[in-house]
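>>> Dropping the sequence and predicted coords here.
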Amino acid sequence: MPGGKFITFEGGDGTGKSTQIALFLEYLQREGIEYIFTREPGGTAISERIRQILLDPACGEMADMTEVLLYAAARAQLARELILPARNDGKLVVCDRWVDSSIVYQGMAKEMMDLLAGQEEAVRVVNGFATVGMEPDVTILLDLDPAEALGRAQGPDGSLDRIESRGEDYHRAVRESYLALAEQEARIRVVDAAGSAEAVHARVLAAVLSATELVS
Ligand code: TYD
């Protein structure tokens, strides 16, 4: 893939991903490194509308394949409209989640819980089509025990969104699946997300800088 770098952040719900991304973007600003930031599901007008359906607790009866395809549809639009053109222009793109989220949440974690056999392979194929196989250069995986993480994810009123409210077993399966994926993919760097935001930020920076040059 010619041109700019593509960095993604992954992790279970409540692992501090949003905080760590904000700190990483502040670092890029301080260093005068230009970047484009986007998030999944979302990042374009069409993808944000798909996001509303995906996270709406009123859509609880959504079929598993519908969920896979909606995530992939949101991602296909984001890839075409924003990420591919930016990379071709030599820009650094930072994205909150990418295909790994679908492989883990819709694929591996469900297989692990015996919910859907063969799902992981289907998710990979659909997403390969959606993204023309575009892979990140480096992926930061924030890793934290789900018991601690879900305490962090709750809103001030104790509320959880449609996926967050799936229960601790599912979130344990998500964590195990991410760690298994990291063993298969050299681009995925596992970062211990326990401790203060500053301490985790230092680990994130070290992991990114050891994996890739930020300016080519
Ligand atoms: P996100 O907005 O990143 O939430 P958080 O800040 O809590 O990490 O993601 C929202 C939810 O969408 C999250 O529970 C993970 C889920 N998700 C999937 O299940 N599959 C996917 O492909 C993506 C991108 C997200």
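That came through, no problem. Quantities reported herein were computed from a predicted structural model and do not represent experimental measurements. Numbering: from 1, shown residues only.
>>> Can you check what pLDDT the model gives the most centrally placed residue in the chain?
Note on the chain: the residue nearest the mean C-alpha position is residue 97, at 1.8 Å, using Cα atoms, centre = their mean. Looking at residue 97, its pLDDT is 97.
>>> residues contacting it?
Going by Cβ atoms under 8 Å, 6 or more residues apart in numbering, residue 97 touches 8-10, 39-41. Every residue, glycine included, has its C-beta placed from N, CA and C.
>>> from the chain's centre, how far out does the longest helix belonging to the chain sit?
When the chain is parsed with DSSP state H, its longest helix is helix 168-184. Between the centre of helix 168-184 and the centre of its host chain there is 13 Å, according to Cα atoms, centre = their mean, to the nearest Å.
>>> Enumerate the positions of it that are buried.
170-175, 177-178, 181-182 (16 or more other Cβ atoms under 10 Å).
>>> Now look at stretch 193-211 and say if it contacts the ligand.
No: Stretch 193-211 lies out of reach of the ligand by Cβ under 6 Å from any ligand atom, never closer than 11.6 Å.
>>> one step back: considering only the buried residues of helix 168-184, which also neighbour the ligand?
Counting by Cβ under 6 Å from any ligand atom, no member of the buried residues of helix 168-184 reaches the ligand.
>>> And the residues you listed, which two are furthest apart?
170 and 182 (18.9 Å; Cβ to Cβ).
>>> which bits of this structure sit near the ligand?
Checking the chain against the ligand by Cβ under 6 Å from any ligand atom, the hits are 13, 17-18, 40-41, 71, 96-97, 101-102, 105-106, 153, 163-164.
>>> out of the residues you listed, which are inside strands?
Judged by DSSP state E, those include residue 96 as members of strands.
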